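A.B. asks: Build me a model from this:
(chains A and B)
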Protein chains: 2
Amino acid sequence: MDNRAIGVFDSGLGGLTVLKEINKYLPNEDTIYFGDTARVPYGSRSKETIIKYTFQAINFLASQNVKAIVIACNTASARALLEAREEYDIPIMGVIEAGARTAVYSTRNKVVGVIGTTATVRSKAYNKAIKAKDSGIRVIGKACPIFVPLVEEGWSNKEISTMAAHMYLDSLVEKGIDSLVLGCTHYPILKRTIGEVVGKDVKLINPAKETALDLKDVLEKRDMMNDSDQKGSCKYFVSDINEQFSKVASEFLKKKIKNENLEKVEIHKY
Amino acid sequence: MDNRAIGVFDSGLGGLTVLKEINKYLPNEDTIYFGDTARVPYGSRSKETIIKYTFQAINFLASQNVKAIVIACNTASARALLEAREEYDIPIMGVIEAGARTAVYSTRNKVVGVIGTTATVRSKAYNKAIKAKDSGIRVIGKACPIFVPLVEEGWSNKEISTMAAHMYLDSLVEKGIDSLVLGCTHYPILKRTIGEVVGKDVKLINPAKETALDLKDVLEKRDMMNDSDQKGSCKYFVSDINEQFSKVASEFLKKKIKNENLEKVEIHKY
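C.D. replies: This next block holds a predicted model:
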């Protein structure tokens, strides 16, 4: 048994969708979330910078004495997970392995689409993870940099999002994908729009849920579950708090964050 | 005479449009550009964080022994210029005063629109600067957060940009603006699309050119012009260099940046 908290890291607030799944499937675990809101988004930054920022986040979460860390951000998982596992002893999970595994289970015709930030798609991390399980699967990646700002503007269900989705996704549908990995924590918010554009024959895969189940598995196998029967606590740390913070956070988390559970971190010092 | 370089600071690469105007109107001046590409964009960050990042940029440029600094970023000008002028002795100019003055000259019916990032519009910096010159002018601000990602995606002239422009600007046109300040360095790239949406009776104001002319004026008055008759040199510093850097930079600057003139800075150390 290990009653320390689980650390969850994201470049911003999108990772709250992953935290929500962890709270659902591991309800007795305490969690500590860190969102790097002073430096979000990571999706267009160099690999070197993404690794530096990710290590600082891990250093901060480690200073909070967490027992395991989930990198909820696809970009950071794609660019920095291997490096982080080499550098740190604490168990660290990304979101890509779970998403890749689900895609392998899902596809019938062995043509899988993966959408994400420019950095995630360029990294080919999903391609490698999928092909490691089944080298016969064709993986087609497509960066969709407009999707995150559309979600953050609150335009997910407007016609402009449908137009953007057509611009990015029509070519994937033409290439015959039957499964599409939503490889960025913001994209599940666009699920309805994306689903309408790609059609009901394409299965949408959200790695958040599978990541939470993987985490449960890891903790059980290592005998690191929290043995409390109380609902776990959540603490939230961010590197910047702007005026829209509460609105955006509650949209992702589907609940309000109380001020006493929210704290700002000078992340560049870690 | 003062033959030191002029420092130009922006949150990213958009400020290269301002640098281009400075190079045009002050061709014999050396310039040093710093773009905070590891932490761009500033438009959704808190005032406190924008001030911190701006001071670090000024500290860096001051360490390069510049004689004056232009804050080319509207967000940083709106949120941090007054604080910077209090903190530093070196002449520091923003882009807002020049844009505001041009708007005051331009408007006939005294209804002016201002578009920019969320932080710029919330700051009401343009409103204050315009009303200080003519309190009878009505200023209507509108944040357009999707415009920057549309430009960076290379979609400036596509139908989706026209749709976004209608969503943001139709209400300004209905309110009767006859002048519209492009209060973000990225927006001039969208000039054609914006112009078509607001119609030819609305004058578009780009503060970059006026800022360069203001700078010339300041240097002349203080007897700080470079007395060389050679074309000035340009050095470029950024806090991150990703794969798309050269492409995006040359789009804004309309010329290539040579590798030997480009250097990466660890900006959080300043």
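A.B. asks: Endpoints of stretch A:232-250, how far apart?
C.D. replies: For stretch A:232-250, the first-to-last residue distance is 19 Å (Cα to Cα, to the nearest Å).
A.B. asks: Surely A:Val198 is in contact with A:Ser171?
C.D. replies: No: if you go by Cβ atoms under 8 Å, A:Val198 and A:Ser171 don't touch, sitting 11.2 Å apart. The C-beta positions use only the backbone N, C-alpha and C, and glycine is treated the same way.
A.B. asks: Neighbour count for these two, which is higher?
C.D. replies: Regarding A:Val198 and A:Ser171, a neighbour count based on other Cβ atoms under 10 Å in any protein chain shown identifies A:Val198 as having more, with 22 against 13.
A.B. asks: check contacts around the more buried one.
C.D. replies: Residues in contact with A:Val198 (Cβ atoms under 8 Å, 6 or more residues apart in numbering or on different chains) are A:Ala165, A:Leu169, A:Leu172, A:Val173, A:Ile177, A:Leu180, A:Leu204.
A.B. asks: so how many other residues sit close to the third one?
C.D. replies: The one in question is A:Leu172. 21.
A.B. asks: Give the buried residues for the host helix or strand of it.
C.D. replies: Using DSSP states H and E, A:Leu172 sits within helix A:159-174. Counting neighbours by 16 or more other Cβ atoms under 10 Å in any protein chain shown, one finds that the buried residues in helix A:159-174 are A:Ile160, A:Ser161, A:Thr162, A:Met163, A:Ala164, A:Ala165, A:His166, A:Met167, A:Tyr168, A:Leu169, A:Leu172, A:Val173.
A.B. asks: other SSEs contacting it?
C.D. replies: Judged by 3 or more Cβ pairs under 8 Å, 6 or more residues apart in numbering or on different chains; DSSP states H and E, the packing partners of helix A:159-174 are strand A:111-116, strand A:138-143, helix A:147-152, helix A:191-198, helix B:159-174.
A.B. asks: The ones you listed: lowest mean pLDDT?
C.D. replies: Of all the helices and strands packed on helix A:159-174, mean pLDDT reaches its minimum on helix A:147-152 (a mean of 94).
A.B. asks: which residues are contacting it?
C.D. replies: A:14, A:41, A:43, A:115, A:117, A:156, A:160-161, A:164, A:168, A:184, A:186-187, A:189-190, A:248, B:44, B:145-146, B:148-149.
A.B. asks: show me the contacts for A:Val104.
C.D. replies: Listed by Cβ under 8 Å, 6+ apart, the contact set of A:Val104 reads A:Ile130, A:Lys133, A:Asp134, A:Ile137.
A.B. asks: and if we set it to 10 Å?
C.D. replies: Contact partners of A:Val104, counting by Cβ atoms under 10 Å, 6 or more residues apart in numbering or on different chains, are A:Lys110, A:Val112, A:Ala129, A:Ile130, A:Lys131, A:Ala132, A:Lys133, A:Asp134, A:Ile137, A:Ser179.
A.B. asks: of all the contacts of A:Val198, which comes closest to chain B?
C.D. replies: A:Ala165 (10.6 Å; Cβ to the nearest Cβ).
A.B. asks: Could you give the number of residues near the spatially closest residue to the closest one that is not a sequence neighbour?
C.D. replies: Nearest residue to A:Ala165, sequence neighbours excluded (Cβ to Cβ, 6 or more residues apart in numbering or on different chains): A:Val197, at 4.1 Å. For A:Val197, the count of nearby residues is 21 (other Cβ under 10 Å).
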